[in-house]
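# Have a look at this fold, sequence not included:
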């Protein structure tokens, strides 16, 4: 039995789940949730300052004695299957805090930055009794939308120079955001960007999500974002059924494909492509039989 008050045992449970060790299935099926811990997804394009924002949010949320878990997700290289896991460096100031648990996780090739392992590990952290679970996802464009299949509250982080706001509508971010955060708001045109964003939101959504302006590196505007998280955590998520279906789909997808070794697949397709009359669709059909 896992002692969830011991961070070392929580880390061990996460390792078991992440690596699909023998005890993983039993552990996941035995999880119990004694309180409604919200999962807060923080997403947005690269360079928006998501890690700095998470770091500042932790500072504010800790003030009322909360226990906070962070899953910081880094992209996996499709070539060498490695991952930098650099978010640990940016959050180094909280590593020794008794109320903060930080874990880095590779995407394992999931284009949207969320693998089935993310869902399972987030549930382990919820069972551990944390007050908040923050998940910082890879900023990779349209597939950021995958966060809606996991998070109870989704925060989309943008910067003033992010470009034409219409692009954000095209990417679907307007549909998934419970709040927008214009970070680095001390930069030029931040007010214009925020006002234009609000106008578009008014046109596109019946319930307009709030738009916050922050300077995460200086902790400006972070308290307002933290207050929003605390308030929103008390309401039932209207997308609960959709979220659960998305989570179930991800897990089913993982179960059906977990026997496929990506490195071996890479080798097999390379060998097959060197032969004459190679057809990718025929290859896929023969590979999955």
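On my side now, so go ahead. Given the structure is predicted, the values throughout are model-derived calculations rather than measurements.
# And the residue lying closest to residue 190 once chain neighbours are set aside, how far from residue 192?
Among residues not flanking residue 190 along the chain, residue 160 sits closest, at 4.2 Å (CB to CB, 6 or more residues apart in numbering). For every residue, glycine as well, the C-beta is placed using N, CA and C. Distance of residue 160 to residue 192, given as CB to CB, to the nearest Å: 8 Å.
# Name the residue in those two with the higher neighbour count.
residue 160 (19 against 10; other CB atoms under 10 Å).
# who's in contact with that one?
182, 184, 185, 187, 188, 189, 190, 192, 193 (CB atoms under 8 Å, 6 or more residues apart in numbering).
# one more time with 6 Å
187, 189, 190, 193 (CB atoms under 6 Å, 6 or more residues apart in numbering).
# Contact partners for the second one?
Contacts were defined as CB under 6 Å, 6+ apart; by that measure residue 189 touches residue 160.
# Average pLDDT for stretch 69-79, rounded please.
Averaging pLDDT along stretch 69-79 gives 69.
# just stretch 270-288 next, same as before
87.
# returning to what we had before: quick check: helices, which of the contacts of residue 160 are part of them?
190, 193 (DSSP state H).
# Scan the contacts of residue 160 and report the most crowded one.
residue 193 (22 neighbours).
# Surely residue 231 is in a helix?
Yes. Assessed with DSSP: H, G, I helix; E, B strand; the rest coil, residue 231 lies in a helix.
# State the distance from it to residue 66.
Distance from residue 231 to residue 66, by CB to CB: 14 Å.
# same deal with residue 182?
25 Å.
# Which one's more surrounded, these two?
Neighbour totals were compared for residue 182 and residue 66, and residue 182 leads with 24 against 16 (other CB under 10 Å).
# Regarding stretch 132-152, how distant is the last residue from the first?
11 Å (CA to CA, to the nearest Å).
# Please apply the same query to stretch 270-277.
End to end - CA to CA - stretch 270-277 spans 13 Å.
# can you check stretch 196-216 too?
21 Å.
# which residues sit against that stretch?
Contacts of stretch 196-216 (CB under 6 Å, 6+ apart): 49, 52-53, 56, 165, 174, 177-183, 185-186, 194, 221-222, 224-225.
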